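Fold the following.
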Amino acid sequence: FAKMVSSEAFLKSTLDFVSQPLLALESRPENAIAFLESIDGIQSLLHAFALEDIESSVRHDIARALSLVLSTDLGRDALASFPAVNQVLLAGLTNDNDFVRETTSAQILSLLNADYARFFPIISSPDLYRGLLVALGDEMTSVSEHVASIILSLATSDEAFVDSFFFSSSSEVLQKFTTADSTKLLRVHVLAARIGSLSDSAFECYKSSGYLKMALNLMRSDTDDILLQISSLSILLEIAKSAPGLHYLVGIPLGELFNRYHRASNGPFTVVSALNILDGLVDQSMKHGIFDWLLHPGLRAFLTFSLHSEDESIEEAAISALSGIGKCFIGLETFCQNQDDLLPLIPKVLSRPHMPTNALTVVSLHSLATIFCTQYQGEEARKADCHREFIIRGVVDPSDPQSDRNVSRFMSNVQKCCRNIDNDLRIAAYRFLGEFARSPFGLKAVLSTQGFLQQLLDRSLEFNDKANLWRFAVVQTISTNPFLEGLVTSRVASNIRQHVQQGPYFQAHQTQVVTL
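Alright, predicted model coming up:
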């Protein structure tokens, strides 16, 4: 293994080193240097790790030793001072052995995170950097993920590096990835979008380099590669992480991009994938205060098609997507225009003549909980409460007799869900009630449903521990609602608060009669 040390001595020193407790190395980091001296320096460790004809178990021991050494400042000093260390790391990245490449990429990332200032010049050196770009296309996903994190870390703290990523010779390497290997191509585009979202200037580089245009062309392409169709959508989330990126998407327009997914040629999996990223886009809209894309008729057309789909997986994804949109005020207002609009259709899932599957009901209840959980201030709070009441009432005028009938039917169905044998369904119902009962309207609806309060207060009816905690949370919400005293007698209010004080697992003492 080394010029000055026999293989037997090398292996013995390595095994002794890796078998010591980690705490011993943390308290005495000089042990790492003593180990390196015993094997003739870090060059011996690096050389042995990359050998072809060694057993897998031995290579793993050497990798463990290398990791322990580099976890100490002294060990990192030894590596940084080693001549041509960038060439050694490059050799590890290009090694034929999968484990060697995986360990090398992980260690480079670890070195950068542990001591950025010391290792940035080494890792960003032309040869090693070019090797990292090539390694983005490694057959092992773990290697490419490590490499992507390394390059993103380099770009995060150095604007000049951003420019070089998009415009220097690195782009020449990246352009070799084509649709012939969609997985590798997507890695490049996701990384480019992540770097482009780091700052306003980084986005300008991303846009002017042509990578943004290429990514959008991928999403618009009529490729038969389902993986490429689905995964390219994730690039949207990366672009939207910056305000300039989200503004750019609004101008595409983004709504029209989604609308293309309701064509007959798109299978359920593709449509569901498109729906699943909407929640993340809403989060970015709320972060940046950019909501224009929610108003595009193309988005409404796509959601309408999806919500009325005969494929239940698409309908579930559409309801979930609508809940994400409904958690922001603009989305709530936009899709709650009349009783046939999209958000008021969610409660109607529970009121269908033929009860939907449990999975669809669970999604509907969780979605309603998400819509009701958002807190607003001032005038927005008043308007939001009106919109959310309308979703349940199904009619604009609260005095309309149909309003009470709709609420009663809906609450009766929620009550049935709380008695269902499916744990997930009961938990979803409790979660919704916990958010719903915060408002005066929701509290009144719960208390007005015959037998519902007694059902919630009866601990013996809930046999699942997790569901019981959700049930108890509903009672807690009811007990703290300031409108409770005006809707029930003082005795009932006292019983509710006593229930909360006793906790979720309280059991009344029962006297046993023993016959002698």
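
check contacts around Ser221.
Contacts for Ser221 (C-beta atoms under 8 Å, 6 or more residues apart in numbering) come out as Leu228. Placement of C-beta: from N, CA and C, glycine included.

how close does it sit to Gln337?
According to C-beta to C-beta, to the nearest Å, Ser221 and Gln337 sit 34 Å apart.

For Phe335, grab phi and psi.
Dihedral pair for Phe335: phi -110, psi 30, per degrees, to the nearest 10.

Run a quick neighbour tally on it.
Other residues near Phe335 number 22, with proximity taken as other C-beta atoms under 10 Å.

do the same with Asp181
When neighbours are counted by other C-beta under 10 Å, Asp181 registers 12.

in this protein, which segments are predicted with low confidence?
In the predicted model of the chain, residues 1-5, 169-172, 174, 178-180, 263-266, 355, 508-516 satisfy pLDDT under 70.

can you give me the strands for it?
Ranges of strands in the chain, per DSSP state E: none exist.

Give me the most central residue, the chain.
Gly280 (8.3 Å; C-alpha atoms, centre = their mean).

Who's the closest spatial neighbour of that one, skipping the chain neighbours?
Leaving aside its sequence neighbours, Gly280 sits nearest to Leu237 (C-beta to C-beta, 6 or more residues apart in numbering; 4.8 Å).

Contacts only, for the nearest residue to Ala192 once chain neighbours are set aside.
Leaving aside its chain neighbours, Ala192 sits nearest to Tyr211 (4.3 Å; criterion: C-beta to C-beta, 6+ apart). The contact partners of Tyr211, by C-beta under 8 Å, 6+ apart, come to Phe166, His189, Ala192, Ala193, Gly196.

Now the two most distant members of the residues you listed.
Maximum pairwise distance in those, criterion C-beta to C-beta, is 12.4 Å, between Phe166 and His189.

list the contacts for the closest residue to Leu227 other than its chain neighbours?
With sequence-adjacent residues excluded and distances taken as C-beta to C-beta, 6+ apart, Leu227 is closest to Ser182, at 5.6 Å. The contact partners of Ser182, by C-beta under 8 Å, 6+ apart, come to Asp225, Leu227, Leu228, Ser231.

And for the last one, the neighbour number?
Around Ser231 there are 19 other residues, counting by other C-beta under 10 Å.

Around the nearest residue to it once chain neighbours are set aside, count how many other residues there are.
Excluding the flanking residues, the one nearest Ser231 by C-beta to C-beta, 6+ apart is Leu186, at 4.9 Å. Look at Leu186: counted by other C-beta under 10 Å, it has 21 neighbours.

now Thr141
11.

Glu145 now?
Neighbour count for Glu145, taken as other C-beta under 10 Å: 16.

how much space between it and Val162?
Counting by C-beta to C-beta, the separation of Glu145 from Val162 is 20 Å.

With Thr480 instead?
50 Å.

So this structure: which segments form each domain?
8-82, 84-157, 160-252 (the TED database).

Compare the ones you listed and give me the one nearest Lys287.
domain 160-252 (8.4 Å).

Ends of the closest one, what's the gap?
Separation of the first and last residues of domain 160-252 by C-alpha to C-alpha, to the nearest Å is 29 Å.

likewise stretch 81-88?
Terminal-residue distance, stretch 81-88 (C-alpha to C-alpha): 12 Å.

Could you do stretch 194-208 as well?
15 Å.

Same question for stretch 386-400.
Stretch 386-400: ends 15 Å apart by C-alpha to C-alpha.

Show residues contacting that stretch.
For stretch 386-400, the external contacting residues (C-beta under 8 Å, 6+ apart) are 332-333, 336, 338-339, 343-344, 346-348, 368, 371-372, 402-403, 406-407, 410, 439, 441, 445.

which among the residues you listed end up buried?
For the contacts of stretch 386-400, a burial check counting by 16 or more other C-beta atoms under 10 Å picks out 332-333, 336, 339, 343-344, 346-347, 368, 371-372, 403, 406-407, 410, 439, 441, 445.

out of those residues, which are inside helices?
Leu332, Glu333, Leu368, Ile371, Phe372, Ser403, Asn406, Val407, Phe410, Phe441, Ala445 (DSSP state H).

ok so, going back, measure the residue nearest to Gly280 to Leu191 for me?
Using C-beta to C-beta, Leu237 is found at 13 Å from Leu191.

Could you check which of the two is surrounded by more residues?
Taking neighbours as other C-beta under 10 Å, Leu237 and Leu191 compare with Leu191 leading, 23 against 19.

What residues does the more buried one make contact with?
Listed by C-beta under 8 Å, 6+ apart, the contact set of Leu191 reads Leu136, Ala148, Ile151, Leu152.

From Val188, how far out is the second one?
Translated: Ala148. Applying C-beta to C-beta, the value for Ala148 to Val188 is 9 Å.

repeat for the first one
Shown here: Leu136 relative to Val188, a distance of 6 Å by C-beta to C-beta.

Do a quick rundown of the helices in the stretch 101-250 of the chain.
Along the stretch 101-250 of the chain, the segments classed as helices by DSSP state H, counting those that start in this stretch run 116-123, 126-135, 141-156, 159-167, 169-174, 182-196, 200-209, 211-220, 226-232, 234-239, 243-250.

can you redo those as a markdown table with distance to Ser71?
As requested, the helices of the stretch 101-250 of the chain are exported to a markdown table (distance: least, C-beta to C-beta, whole Å):
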| stretch | distance to Ser71 |
| --- | --- |
| helix 116-123 | 14 |
| helix 126-135 | 21 |
| helix 141-156 | 17 |
| helix 159-167 | 26 |
| helix 169-174 | 31 |
| helix 182-196 | 27 |
| helix 200-209 | 32 |
| helix 211-220 | 36 |
| helix 226-232 | 35 |
| helix 234-239 | 32 |
| helix 243-250 | 37 |
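
Quick one: closest of the ones you listed to Gly324.
helix 234-239 (12.5 Å).

now for that closest one, which elements pack on it?
Secondary-structure packing of helix 234-239 (3 or more C-beta pairs under 8 Å, 6 or more residues apart in numbering; DSSP states H and E): helix 182-196, helix 211-220, helix 243-250, helix 278-288.

mind redoing it with 7 Å?
helix 182-196, helix 243-250, helix 278-288 (3 or more C-beta pairs under 7 Å, 6 or more residues apart in numbering; DSSP states H and E).

centre of the chain versus stretch 61-76, how much separation?
Offset of stretch 61-76 from its chain centre (C-alpha atoms, centre = their mean, to the nearest Å): 32 Å.

Sorry, slip of the keys, the one I care about is stretch 294-312.
Relative to its chain's centre, stretch 294-312 lies at 23 Å (C-alpha atoms, centre = their mean).

Same question for that stretch: list its buried residues.
For stretch 294-312, burial by neighbour count (16+ other C-beta under 10 Å) applies to Leu294, His296, Gly298, Leu299, Arg300, Phe302, Leu303, Thr304, Phe305, Ser306, Leu307, Ser309.

ok, Ser323 - contacts?
Counting by C-beta atoms under 7 Å, 6 or more residues apart in numbering, Ser323 touches Ser367, Thr370, Ile371.

show me what contacts the second one?
Just to be clear, that refers to Thr370. Ser323, Lys327.

could I get the contacts of Ser323 as JSON lines with distance to Val271?
Rendered in JSON lines, the data for these read as follows (distance: C-beta to C-beta, whole Å):
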{"residue": "Ser367", "distance to Val271": "17"}
{"residue": "Thr370", "distance to Val271": "21"}
{"residue": "Ile371", "distance to Val271": "22"}
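
Any figure for the gap between the closest residue to Asn413 other than its chain neighbours and Ala359?
In space, and not counting its chain neighbours, Asn413 is closest to Leu350: 4.1 Å by C-beta to C-beta, 6+ apart. In this view, Leu350 and Ala359 are 13 Å apart by C-beta to C-beta.
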